[in-house]
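Chemist: Give me a 3D structure for the following:
(one chain, ligands or ions: 1)
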Amino acid sequence: MNRSQQIQQLQSTHHWDIIIIGGGATGLGAAVDSAARGYKTLLVEQYDFGKGTSSRSTKLIHGGVRYLQQGNIRLVRDALRERGLLLKNAPHLAHPLKLVMPSYRWYETLYYGLGLKVYNFLSGKLSLGKSEMLSIKKTQQYIKGLDGKRLSGGVAYYDGQFDDARLCTTLALTAVDVSATVLNYAKVTSLIRENEKVKGVVIEDSINNETYEARGTIVVNATGVFVDEVLKMDDDGLEKAVSPSQGIHIVVDKKFFPGEQALFIPRTDDGRVLFAVPFHDKVIIGTTDTSVEQISLEPVAKEEEVDFVIKHFNRYVHTGLQRSDVKSVFAGLRPLIKIPGKKKTAVLPRDHTIWESKGGMINISGGKWTTYRKMAQEVILKSHYAGGLAYTRCQTETMKLHGWIKKPDHEDPLAYYGSDAAAIRYLQHQGYSQTIHPNLHYTIAEVMWAVGNEMAMTVEDVLSRRTRALILDAKAAIEAAPLVADIMMKEMNKDEAWKQQQLEAFYKVAEGYILR
Ligand SMILES: Cc1cc2nc3c(=O)[nH]c(=O)nc-3n(C[C@H](O)[C@H](O)[C@H](O)COP(=O)(O)OP(=O)(O)OC[C@H]3O[C@@H](n4cnc5c(N)ncnc54)[C@H](O)[C@@H]3O)c2cc1C
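Modeler: Model (predicted):
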């Protein structure tokens, strides 16, 4: 995947079938679906693929036990099916994960135990494993440090776990494999109209400081929490469709939560669920649900959110976690669809909505990572009807994503690259096997690979989304940045001024991931 080549394709194509705005889970999934059906497809992302919400999730591919409690069987069944399909189509990026829910009253064990049997039943043939009710002893064996005094047992069940930003890169690579054109650092600043209809976009390329025009039959707005900004370009009289809700996570060493399984607390003080999930060599703990007015590509965790997460984790797991133990903190914004009269975002639905706006633009928002493929299928089907495009069948149910291999070894740090790992290993053998920092497992070879093959344009792209250094250990990522900038400068034929500017920009972003 090479940026200059993508620009060449953009400039030499006079008409696209479908133009997609937004390079998160929703837009990238739509680009894969659209191009795989044979539609001439362009996707543009204002920053980097996955820069928005899609790199800031809890990293779970799940049916949503909470939605079962709410009685939303259809959402759960659909999500469980999608969970199964993703694990088959991208086994290098998603794998089964055992989750353990401690319970403190006998009837809770029974209630959740039976509920999780239904959950497993709904997954049908795509089940990841049976749920089981646990004794006090077994629950404590799974979760080290659990308070035994009040415990009455627990329930264990399975969901999927994945690397969200790596899945974004993989979807971009898959889209290119099936002949889509995808471009990062390409912001849509206005829409092109013909006879009142939206027929294209004006794009600003912030790497080359160029402006391009792209014309097409259908424009899809898949910009997450920014959906209203783009909608306004089509119809500025509309009320806001999205109610953003912030969720934060803290990242800590595994010693605070040892083992391979995850912790699931079904009900916190504000009615949310709390997870502790092993991720690479660390543990991610979260999340919160805070309604916010301002949207930003770099949302900042509020003090009270951090305190909430630490307090609740410590209430269940007694391993002495303190603020100073936090390696990184990150925040993301859920693009929840508004319901008139409901202010509390925790009660807004997690389902997605697709609608056509005044000029014929197709808009999509809401949903979750787990259901990205189904959302893509639906939005492209809607685009086909709206644009009068020739009908072709959706291909993605059984489509293997870029890098697919049969049995990845998830202990291998290069497992997330799938079949591309072989090329990275070759680079490592060529003398590029040095790690970029003593506390990070990433090597120089992975930086070179990201620049040469994964369209990484900035130090932040490499440290935050091609590797996950920034969310795994923000301080180590900051210390690794000069070496990474140096490698990139050489690989990209840039000069010292570029390197300095890159470092300054990265430090500014990275500061927000460190708890003071
Ligand atoms: C805290 C948290 C935890 C979550 N955990 C999970 C989980 O464990 N499992 C799960 O299934 N789901 C989870 N989700 C939900 C999931 O992450 C989101 O539903 C999903 O990532 C949304 O993707 P998106 O593509 O719609 O939005 P985004 O990822 O935000 O993508 C939209 C993109 O559009 C781009 N854009 C905006 N304006 C323009 C423009 N003018 N021109 C070009 N590009 C533009 C933005 O830069 C952005 O990259 C979680 C969400 C949050 C917030």
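Chemist: alpha carbons only for contacts and neighbour counts from here, please
Modeler: Noted.
Chemist: so how many other residues sit close to residue 510?
Modeler: A count of nearby residues for residue 510, using other CA atoms under 10 Å, gives 20.
Chemist: got it, and residue 314?
Modeler: 18.
Chemist: Now do the helices in the stretch 51-200 of the chain.
Modeler: 65-69, 73-89, 106-122, 136-142, 164-177 (DSSP state H, counting those that start in this stretch).
Chemist: Comparing these, which comes out most buried?
Modeler: Using mean count of other CA atoms under 10 Å, the stretch among the helices of the stretch 51-200 of the chain with the largest mean neighbour count is helix 164-177, at a mean of 25.
Chemist: hang on, the earlier thing: rank the helices of the stretch 51-200 of the chain by pLDDT, which is bottom?
Modeler: In terms of mean pLDDT, the lowest-scoring of the helices of the stretch 51-200 of the chain is helix 65-69 (a mean of 79).
Chemist: by contact count, what packs against that one?
Modeler: Judged by 3 or more CA pairs under 8 Å, 6 or more residues apart in numbering; DSSP states H and E, helix 65-69 is in contact with helix 73-89, helix 106-122.
Chemist: among those helices, which is nearest residue 223?
Modeler: Closest to residue 223 of these, according to CA to CA: helix 73-89, at 21.3 Å.
Chemist: The closest one near the ligand anywhere?
Modeler: No: between helix 73-89 and the ligand, judged by CA under 6 Å from any ligand atom, nothing touches; the nearest distance is 8.4 Å.
Chemist: Give me every residue in the stretch 351-500 of the chain lying close to the ligand.
Modeler: Counting by CA under 6 Å from any ligand atom, the stretch 351-500 of the chain sits next to the ligand at 365-370.
Chemist: try 8 Å this time
Modeler: Counting by CA under 8 Å from any ligand atom, the stretch 351-500 of the chain comes close to the ligand at 364-372.
Chemist: Check these and tell me the two furthest apart.
Modeler: 364 and 370 (15.4 Å).
Chemist: which outside residues touch stretch 186-196?
Modeler: 21, 44-47, 198-206, 215, 233-234, 359 (CA atoms under 8 Å, 6 or more residues apart in numbering).
Chemist: Restrict these to the buried ones and give me that as a ChimeraX selection.
Modeler: Here is the ChimeraX command that selects the buried residues among the contacts of stretch 186-196 (16 or more other CA atoms under 10 Å):
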select :21,44,45,46,47,198,199,200,201,202,203,204,205,215,233,234,359
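Chemist: does the residue lying closest to residue 135 once chain neighbours are set aside have beta-bridge partners, and which?
Modeler: In this structure, residue 135 finds its nearest non-sequential neighbour in residue 153, 4.7 Å apart by CA to CA, 6 or more residues apart in numbering. Taking DSSP bridges as the rule, residue 153 bridges to residue 103.
Chemist: shouldn't residue 153 be in contact with residue 143?
Modeler: No: Residue 153 lies out of contact with residue 143 (CA atoms under 8 Å); the separation is 11.5 Å.
Chemist: Could you pull up the contacting residues of residue 29?
Modeler: 171, 372-373, 375-376.
Chemist: quick one: residue 213 from the ligand, how far?
Modeler: 13 Å (CA to the nearest ligand atom, to the nearest Å).
Chemist: part of a helix, is that residue?
Modeler: No: counting by DSSP: H, G, I helix; E, B strand; the rest coil, residue 213 is not part of a helix but strand.
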